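S.K.: just the structure for this:
(chains A, B, C and D)
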Number of protein chains: 2
Amino acid sequence: MEFSESKNIFLQIRDWIADQILQGKIVAGEKIPSVRELAMDMEVNRNTVMRSYSFMEEEGIIENKRGIGFFVAVDAKRNLLKKQKQTFLKDELPSILHRIEVLKLNSEDLKILIQTIQSNDHENQQ
Amino acid sequence: MEFSESKNIFLQIRDWIADQILQGKIVAGEKIPSVRELAMDMEVNRNTVMRSYSFMEEEGIIENKRGIGFFVAVDAKRNLLKKQKQTFLKDELPSILHRIEVLKLNSEDLKILIQTIQSNDHENQQ
DNA sequence: ATTAGTGTCATAATACACTATGACAGCAAA
DNA sequence: TTTGCTGTCATAGTGTATTATGACACTAAT
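M.R.: Residues are numbered from 1 along each chain as shown, chains lettered A, B, ... in the order given. As a prediction, the model looks like this:
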């Protein structure tokens, strides 16, 4: 995995796992990679992955079974959706809006963005 | 100034100055705060501000006059606009799109976003 | 010439993310 | 019971952002 320089690695790992859950690639009750295994795959230290997992455990999106490993919590996806939606609209969107205003980006520059939003309008199921 | 934990302070200072320039609050040729002064205002070390300024000098958006201070470069605004526009569309927009897809945010959730974009459509000058 | 304001350089100390490694306990299967 | 997975804890080392200070050269104004 390729990491960004500007953000802590253990948070990027967390974000990656969370994204897997939101995309449905990992479902509730399913086991996630062991600390050692993921550390190997991502060419990262065990302690760093451990930190990500501890962090996610406190958030309640994964749970530990002693001697076995970590598993996706039952309401992980629902909680992640709620929390991230709130974070995005409240914290990230304002800076995005400011960016768009300052850079004077118009409908043509952001055609893909508008298309993406509109395609979500036609999906009312859940 | 309030700093985010996740990003380097000297980069946040750079972003702040760049934003002032893009907004036209500081114009070409104008003097920006001295290293010591800005450090005081932002409650940050001199060396940290110095790092921001050195960084911006390498980028060509500010210039130094020995013994006097730093000044906004002539093409600073134009260069910043070009560079940031490119960075936004190429690096940041993709992750925003992915976020919108995963969180299934629709036109109603992002009403303000769409309005902001459309208001830029009616500004064809510059 | 003196004073005060500029940037600049050097040094040391602090804080923290990340790494490297070893050791130990719990669990499951052979 | 042994083997091989799990997580967990402890310890030490590295790199780097940030802080804290001091000192020096340049410029402008008195």
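S.K.: skipping its backbone neighbours, what lies nearest residue A:68 in space?
M.R.: residue A:31 (7.8 Å; C-beta to C-beta, 6 or more residues apart in numbering or on different chains). Any C-beta I mention is one placed from the backbone N, CA and C, and that applies to glycine too.
S.K.: that neighbour touches residue A:63, doesn't it?
M.R.: No - look at residue A:31 against residue A:63 with C-beta atoms under 8 Å: they stay out of range, at 10.6 Å.
S.K.: which residues do these two both contact?
M.R.: Residues touching both residue A:31 and residue A:63 by C-beta atoms under 8 Å, 6 or more residues apart in numbering or on different chains: A:70, A:71.
S.K.: residue of chain A nearest DNA strand D, please.
M.R.: In chain A, no residue comes nearer to DNA strand D than residue A:34, which is 3.1 Å away by C-beta to the nearest atom of the strand.
S.K.: so what's that residue closest to, chain neighbours aside?
M.R.: Ranked by C-beta to C-beta, 6+ apart and with sequence neighbours excluded, the top spatial neighbour of residue A:34 is residue A:69, at 5.4 Å.
S.K.: wait, isn't that neighbour in contact with residue A:36?
M.R.: No - the criterion here is C-beta under 8 Å, and residue A:69 misses it with residue A:36 at 10.3 Å.
S.K.: these two: which is more packed in?
M.R.: With neighbours defined as other C-beta atoms under 10 Å in any protein chain shown, residue A:69 and residue A:36 compare such that residue A:69 has more, 15 against 11.
S.K.: so what's the more buried one up against?
M.R.: Counting by C-beta under 8 Å, 6+ apart, residue A:69 makes contact with A:31, A:32, A:34.
S.K.: just the buried subset of those, written out for ChimeraX, thanks.
M.R.: Buried residues within the contacts of residue A:69, by 16 or more other C-beta atoms under 10 Å in any protein chain shown, are selected in ChimeraX with:
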select /A:32
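S.K.: restrict the contacts of residue A:69 to those near DNA strand C?
M.R.: Among the contacts of residue A:69, not one lies near DNA strand C by C-beta under 7 Å from any atom of the strand.
S.K.: coming back round to it: could you check the distance from the residue nearest to residue A:68 over to residue B:33?
M.R.: 54 Å (C-beta to C-beta, to the nearest Å).
S.K.: what bridges to the residue nearest to residue A:34?
M.R.: Residues in a beta bridge with residue A:69, per DSSP bridges, are residue A:65.
S.K.: and it, how close does it get to residue A:10?
M.R.: 18 Å.
S.K.: burial of residue A:24, as a residue count?
M.R.: 9.
S.K.: can you check the pLDDT for it?
M.R.: On pLDDT, residue A:24 comes in at 97.
S.K.: spatially nearest residue to it, not counting backbone neighbours?
M.R.: Counting by C-beta to C-beta, 6+ apart, residue A:77 is the residue found nearest to residue A:24 once chain neighbours are left out, at 7.5 Å.
S.K.: how about the helix or strand that the one you found is a member of: buried residues?
M.R.: Applying DSSP states H and E as the criterion places residue A:77 in helix A:76-87. The neighbour-count check on helix A:76-87 (16+ other C-beta under 10 Å) flags A:76, A:77, A:80, A:81, A:84, A:85 as buried.
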